[in-house]
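[1] Just a sequence and a predicted model for now, questions to come.
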Amino acid sequence: MTSVLPDQPFGLAARRAKPWVEEGGHSMRSLAYFIGTFAVALLLGIGSAWYLIEEGSPLTTTRVGPWASWNALGNPTADPYTRAHLARSGRLPLTSTVARYFVAKTDSAGRTLTSGCEYLIVGSPINSRWWSLALYDDDGGLVENPSGRYSFNSEEMLRHADGTYRVHLARTARPENWLPTGDGYRHLVLMLRIYSPRETDSLGIGLVPDERLPEIERLSCE
């Protein structure tokens, strides 16, 4: 007569006979967790470094409305992020003790500047030796146009009796001061260069009062 043994011991023995299955699964989960954590940390590190080089931080840049200026741009003692930003831009600016550069990529409401819209820039007198306002595309190139007009400076800008001025950004000619935005569609960048500001801080860096930086109003879009 054949006896039948209960199957519970066989199941228990099977589980005990394959401990590598559980250990292997645990190792794979640990490896996946490590890889995932490393990937997230890498992306966060690269992303934060890119942002600090491209946009700056309160420690490296001054922001007033749509305008941003790197405080130590061109200075020999500039911080690593400022130096990296300058190297990436390919420009050779004067030091911030001689000139200040303000860049705007949006209008005063925070909307990206594009050639598909028309804008009005309204500014007040700037207390400096000389200044200019130029228009570029987001690659840093001049916006090609039949008029060959790319910028205005403090000597040629048409101004009102109180020293205020108005500049139109549009595809077709406008009264007063006009900067053509060209054909096609592109993002735009405005650069305000201010040379030898009359006021400086304790480090000799030129000071430009907030209210002297122009407002950028979007009038219409295609």
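    That came in fine, so what should we check first?

[2] Show the contacting residues for the nearest residue to Asn127 once chain neighbours are set aside.
    Nearest residue to Asn127, sequence neighbours excluded (CB to CB, 6 or more residues apart in numbering): Arg198, at 4.4 Å. Every residue, glycine included, has its C-beta placed from N, CA and C. Shown in contact with Arg198 (CB atoms under 8 Å, 6 or more residues apart in numbering): 127-129.

[3] what about Arg198, distance to Val122?
    22 Å (CB to CB, to the nearest Å).

[4] hmm, back to that, distance of the residue nearest to Asn127 from Asp107?
    For Arg198, the distance to Asp107 - CB to CB - is 28 Å.

[5] Quick one: the helices in this protein, in order.
    8-17, 19-54, 80-89 (DSSP state H).

[6] Show me where this structure has its strands.
    In the chain, the segments counted as strands under DSSP state E are 61-64, 67-70, 99-104, 117-123, 128-137, 151-153, 165-170, 177-180, 188-197, 199-200, 206-207, 215-221.

[7] now the ones you listed in JSON lines, with mean pLDDT?
    Formatted as JSON lines, these follow (pLDDT from 0 to 100):
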{"stretch": "strand 61-64", "mean pLDDT": "84"}
{"stretch": "strand 67-70", "mean pLDDT": "88"}
{"stretch": "strand 99-104", "mean pLDDT": "92"}
{"stretch": "strand 117-123", "mean pLDDT": "97"}
{"stretch": "strand 128-137", "mean pLDDT": "95"}
{"stretch": "strand 151-153", "mean pLDDT": "96"}
{"stretch": "strand 165-170", "mean pLDDT": "97"}
{"stretch": "strand 177-180", "mean pLDDT": "97"}
{"stretch": "strand 188-197", "mean pLDDT": "95"}
{"stretch": "strand 199-200", "mean pLDDT": "84"}
{"stretch": "strand 206-207", "mean pLDDT": "86"}
{"stretch": "strand 215-221", "mean pLDDT": "97"}
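
[8] I'd like those as JSON lines, with distance to Asn145 appended.
    Formatted as JSON lines, the strands of the chain follow (distance: least, CB to CB, whole Å):
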{"stretch": "strand 61-64", "distance to Asn145": "28"}
{"stretch": "strand 67-70", "distance to Asn145": "24"}
{"stretch": "strand 99-104", "distance to Asn145": "19"}
{"stretch": "strand 117-123", "distance to Asn145": "14"}
{"stretch": "strand 128-137", "distance to Asn145": "9"}
{"stretch": "strand 151-153", "distance to Asn145": "12"}
{"stretch": "strand 165-170", "distance to Asn145": "11"}
{"stretch": "strand 177-180", "distance to Asn145": "4"}
{"stretch": "strand 188-197", "distance to Asn145": "12"}
{"stretch": "strand 199-200", "distance to Asn145": "35"}
{"stretch": "strand 206-207", "distance to Asn145": "31"}
{"stretch": "strand 215-221", "distance to Asn145": "19"}
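
[9] And these: which comes nearest Val143?
    strand 128-137 (5.6 Å; CB to CB).
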